[in-house]
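[1] turn this into a model:
(4 chains)
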There are 4 protein chains.
Amino acid sequence: MISKKKFKSVLRADLKVAIMGPSGYTGHEIIRIILKHPNVKIKLLIGNKSEGKQISEIFSSLSHINLPKIKSLKAANFSNIDIVFSCMPSGNLDSIIHLIPKNVVVIDLSADFRIKDVKLFEKYYTRHKNPKYLKKFTYGLTEFNRNKIKRSRYIACPGCYPTSILIPILPLIKKNIIYNNDIIVDSKSGISGAGRNTKKGLLFSENYNSFKAYGGGDHRHIPEIESCIYDQTSKKVNIIFTPHLIPINRGILSTIYLKGDALLIQKTLFKYYENESFIQINDLGEMPKISDVIGTNLCRIGILQHNKKNHVIVTSVIDNLLKGASGQAIQNMNLMFDLPEELGLDQHSIWP
Amino acid sequence: MISKKKFKSVLRADLKVAIMGPSGYTGHEIIRIILKHPNVKIKLLIGNKSEGKQISEIFSSLSHINLPKIKSLKAANFSNIDIVFSCMPSGNLDSIIHLIPKNVVVIDLSADFRIKDVKLFEKYYTRHKNPKYLKKFTYGLTEFNRNKIKRSRYIACPGCYPTSILIPILPLIKKNIIYNNDIIVDSKSGISGAGRNTKKGLLFSENYNSFKAYGGGDHRHIPEIESCIYDQTSKKVNIIFTPHLIPINRGILSTIYLKGDALLIQKTLFKYYENESFIQINDLGEMPKISDVIGTNLCRIGILQHNKKNHVIVTSVIDNLLKGASGQAIQNMNLMFDLPEELGLDQHSIWP
Amino acid sequence: MISKKKFKSVLRADLKVAIMGPSGYTGHEIIRIILKHPNVKIKLLIGNKSEGKQISEIFSSLSHINLPKIKSLKAANFSNIDIVFSCMPSGNLDSIIHLIPKNVVVIDLSADFRIKDVKLFEKYYTRHKNPKYLKKFTYGLTEFNRNKIKRSRYIACPGCYPTSILIPILPLIKKNIIYNNDIIVDSKSGISGAGRNTKKGLLFSENYNSFKAYGGGDHRHIPEIESCIYDQTSKKVNIIFTPHLIPINRGILSTIYLKGDALLIQKTLFKYYENESFIQINDLGEMPKISDVIGTNLCRIGILQHNKKNHVIVTSVIDNLLKGASGQAIQNMNLMFDLPEELGLDQHSIWP
Amino acid sequence: MISKKKFKSVLRADLKVAIMGPSGYTGHEIIRIILKHPNVKIKLLIGNKSEGKQISEIFSSLSHINLPKIKSLKAANFSNIDIVFSCMPSGNLDSIIHLIPKNVVVIDLSADFRIKDVKLFEKYYTRHKNPKYLKKFTYGLTEFNRNKIKRSRYIACPGCYPTSILIPILPLIKKNIIYNNDIIVDSKSGISGAGRNTKKGLLFSENYNSFKAYGGGDHRHIPEIESCIYDQTSKKVNIIFTPHLIPINRGILSTIYLKGDALLIQKTLFKYYENESFIQINDLGEMPKISDVIGTNLCRIGILQHNKKNHVIVTSVIDNLLKGASGQAIQNMNLMFDLPEELGLDQHSIWP
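    Reported below is the predicted structural model:
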């Protein structure tokens, strides 16, 4: 691995990347971005189930692309690798994290290392297989953890729902300008957020023409959101969260019900994010659409005064596979290696 | 017109129907239902813009159907008509209601006569052209106004959003088992709810792949909902309402955030609606999907305990063109003429 | 079983039905139709994988319906059953058909008994497990085999693609008014046609926003179509067939390229089908849409003269789960038991 | 305008662009590409209907972008402009083409100058308002007209359907390896191909859940395709063409029915396009999906041997707004100004 110090002096040198679990949607997205990133090359693809295959056999959209054949973890050689992106489903990386050499940066897109409290983790997930690594990982919500991320070798990228929720509310809680401690968040996600799993509930015909709430009132993302709020603001806030499935491929829209002054909220967010490349605060009353961010790493936020005094409605939209997953992962990589955060991510939305 | 008294004695006689504004989505739906209703015949179609056309020219789905040619209002003869369904957009019937003979039953699907307070109406809509008729209309939320509907000649059918919201919450407010007075309602509707209007925002490409909130925090349906709650329960409740557009054709899902005991709420609703044909209360924790009701006159309701003590999430689904519009209109007609409420409406959902 | 003779004298008596393989899309559709059919009752549901479950657990759209619990084949008692609908995937019924008592009518929706020539069958499918039954089955293309169907106890319902293709071309080949012997058929189907199988290729995200040809140039439906043409007309016609997947749930549109006179073709089809309830021939130049038939048992056909002399384009649309599967199955049942063919099937299309 | 000669010596200098008709889908796409193109800047936006507006008011996806306000044609100053992209609907540029200064390159995305024969043009469109300009325009099918395009100042970009059809068949006709002179082409397009017009037929609810053929057997693209074939090969070929609308936003798939040897066809196409950046020939039997090209300037082509001897099925897919419109326009611009053709266009497909 290029040492970070050394790297700064060899700007434009190629960072060498391995991708674990390349055959799902976030894996495809990481590959798609890196193929056009000027400073990064894919050197290693690791996938036990797809061992021996070309990526062009797995994704017809990449049928003309040549990359090294997929290897099993056993056969993988990390000696020339600077960064590992783990795109495996949750519950995989924790059992093998110790096999990755210590000088390799690890950026994980799963939930394995997002929650630091092992008891809380195990309440919502399963037994953690490497709890001592929990503290080594930094929560990769880029706009809020830049210093820590830069100093870290292990990044746990936030979930897609938490990203869409934390970006609009963290500055408001920090600045103490919302009155309600129980925050209702009604989120809606495209179906790629559920991953490339062959489950009956994810079949085309079960979702087209339909829409539903899911997740049982005790969704795994609630402790992640509340923990992050506490870490960033030392405040205990209750998130009342209901996720829904929209029959589209990409995108999350979160509708957040706050009490406060709409104009003050708009101004506060605008000022807070003034210098951020990927956060756009709309004019008061202008609500964003999911199609405004598809194919981008943007989070767009709209604020609306309700006719009931003090009630304010905030909606945020992201592309769940970009700012909600692979895009934020690349943004963190850029940050860690002193590259401009926008590299590889500076596209406008594909519309219509 | 057959007098209602007389009608009861001539069960199976044909009711003769006129449809005003037959060329939109609710007009199509009324026609579709009546064509298979055993006791009703379409005798008159009225539409100034489509005067002289056959319905088969307007809807290719009905290209094999013979109905009388569409007439202008001027040329329409109501002398043999028992019932008028008005499927015109809001802001039309109020200016011509007095031209319909007094012995004809009028069932309006627009917003013109839903709100009784003319000032409140004019705040959200436009100047009312026949305010003295406001009091003559009965709000046609069938399950709650049966006696009034039966005695009335003028029915204002509820809006699709209000129907999806009032059915789950009215029994709970009546029975005094929810604690919060500010009720957050996050509703999502298929795009047919916006009508058959050639606006840029309703084009296919502007909606596919997208999802958005709309309506500005001061939506027209808020006073309708709050007025009905007051009429039914004498309680003033604040509805914090945000509508969203789902890129599907039909269906509304409303997510309602309550404080109370989930099991008590489920049991109360179950008992309240036990004998209703069109209301289905799911088991605790079972959330309904929009596809569960497409093509039916059903409202299905799910109740979920959130992990935060006392927070309860209720979701309701309806087909916006059936229970939310034309289906409820026919249900009211059946009720008014002492027919079984299910006549013409007893279909299971088209799935998938 | 009610003998057919006897049945004729006890019109309105209840036919007792068993459904094998009730948990897929055609199973749901058979159940949905029968629940509203005035002369038929579901008495037995057979499914080895879902043994012991209620149908309400399998389909949330039917969560309020009470039917007998699903039994394994072993536990099934056919003694009171008049009709078995087999909705199992192809390759299942052939191995158990001999276990169904001989006095029970069997209506199969799979491909197991559609092709009479066992060699041809085994070229396209797999080894047939009961070839001696092949001759016992009648090909259930209702409009062309009425006499045989009435005399038969075993019906092999046509595939959805073949139904959409044979209805428009059989009368033209019979009447000898098309010149081309190689007929190009470009078909497009909604995704429910692929069944309720948990395959990666049927996931929502793999199909939304996309469209593709599939099937390898040697599709299983080609021999079925060519065999039926030969049986009905004694002519050998070559079908050049390409199926495609549309990202919608229901519906097939087949575009058929003929040589002949467009007006003669339109008139011939119109006259041929004049007295059929479920076949609608559009005016010359009026091409049907899939949405014109969703939720109906109709086949609608449009005919268009191309600007190249003699080239004629014919498009047909059906709902693949109704006229293409369960609807035609019920139509055959009605025919076999001397009921009006329309019973249970007389709905107009759900639109939009 | 930078002279092309001069330009070659000042590589990396900024080309200055005007866009006429920026508020439709191809306008948005041109803007989206140019905003990330390293050598081009948008200096002028012209739109009579949207005069005085910011582009950020027209497209919420570009709400954070600053561009010059839209001007009327009258107020437009072309003195610093190198290139005009005309994204106006057909029937507009022909009446004003003479107002654009002669030293400005004009790249037209409409049909106004695609067909050179004014009689043929007027048979399919309307009276041409500047027929003397017809000969000045070069048909911008990049891969086939490079030399002419480089020498030209006026480019008529091909229609989206013709692009998807000509790329697969032109090399085969040139090389004389297909036997049929009547070529059946069954094309399917996403709905953005119909433009951003507020017509009833383009509403969301009229297209979702549906699919249809349209265009009357005498589609405007037929003479364009046949003319281009004749220009390129001196052969008269009959195109039997049927377009269909798929309920998705982007993408065209054309299914082309040929007679010949599938392997020879695959090899011929592979060799012909070996050095092209934007044409990908799949392995024999591998049929491309529309999602393989969304967001790219690619044309992907699959070839399949049918079970009927000599019948070969070819499918091609493009993104109608990129290779079918704005992408090919930019490719032509790059070519004309000696830039690498891939500049601004080298993205992988957004999937899923």
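
[2] what sits up against stretch A:211-222?
    For stretch A:211-222, contacts defined as CB atoms under 8 Å, 6 or more residues apart in numbering or on different chains pick out A:111, A:124-125, A:159, A:161-162, A:239, A:241-247, B:188, B:246, B:248, B:251, B:253, B:255, B:285, B:287-290, B:302, B:304-307, B:311, B:313, B:315. Using the backbone N, CA and C atoms, a C-beta is placed for each residue, glycine as well.

[3] among those, which ones lie close to chain C?
    Restricting those to those near chain C by CB under 8 Å from any CB of the partner chain leaves A:247, B:288-289.

[4] and the strands in chain A, which stretches?
    Along chain A, counting by DSSP state E, strands occupy A:15-20, A:40-46, A:70-71, A:83-86, A:105-108, A:137-139, A:154-156, A:182-189, A:212-213, A:238-245, A:252-259, A:279-281, A:299-305, A:311-318.

[5] out of the ones you listed, which gets nearest to C:Ser61?
    Nearest to C:Ser61, of all the strands of chain A, is strand A:212-213, at 12.2 Å by CB to CB.

[6] return the distance of the closest one from the chain's centre.
    22 Å (CA atoms, centre = their mean, to the nearest Å).

[7] look up how far A:Leu345 lies from A:Ser277.
    8 Å (CB to CB, to the nearest Å).

[8] could you count how many residues lie near the closest residue to A:Ile34 other than its chain neighbours?
    Leaving aside its chain neighbours, A:Ile34 sits nearest to A:Val40 (5.0 Å; criterion: CB to CB, 6 or more residues apart in numbering or on different chains). When neighbours are counted by other CB atoms under 10 Å in any protein chain shown, A:Val40 registers 24.

[9] for A:Val40, name its beta-bridge partners.
    For A:Val40, the beta-bridge partners under DSSP bridges are A:Leu15.

[10] surely it and A:Gly344 touch.
    Yes - using CB atoms under 8 Å, A:Val40 makes contact with A:Gly344 at a distance of 7.4 Å.

[11] any common contacting residues for these two?
    In contact with both A:Val40 and A:Gly344: A:Ile34, using CB under 8 Å, 6+ apart.

[12] how about A:His37, phi and psi?
    phi -90, psi 130 (degrees, to the nearest 10).

[13] residue contacts, the residue of the stretch 51-200 of chain A found nearest chain D?
    Per CB to the nearest CB, A:Ser61 is where the stretch 51-200 of chain A lies closest to chain D, at 4.4 Å. Going by CB under 8 Å, 6+ apart, A:Ser61 touches A:28, D:291-293, D:348-349, D:351.

[14] any idea how far D:Ser72 is from it?
    42 Å.

[15] excluding chain neighbours, give the residue nearest to the residue in the stretch 51-200 of chain A that chain B sits nearest to in space.
    Here the stretch 51-200 of chain A gets closest to chain B at one residue, A:Asp186, 4.0 Å apart by CB to the nearest CB. In space, A:Asp186 comes closest to B:Asp186 once its chain neighbours are excluded; the distance is 4.0 Å by CB to CB, 6+ apart.

[16] enumerate every residue touching that neighbour.
    Counted by CB under 8 Å, 6+ apart, B:Asp186 has contacts A:186, A:242, A:255, A:257, B:242, B:244, B:254-257.

[17] get me the contact residues on chain A for chain D.
    Chain A comes close to chain D at residues A:25, A:28, A:32, A:35-36, A:59-65, A:192, A:209, A:249-250, A:280, A:282, A:286, A:288-289, A:291-295, A:300, A:346-352, as judged by CB under 8 Å from any CB.
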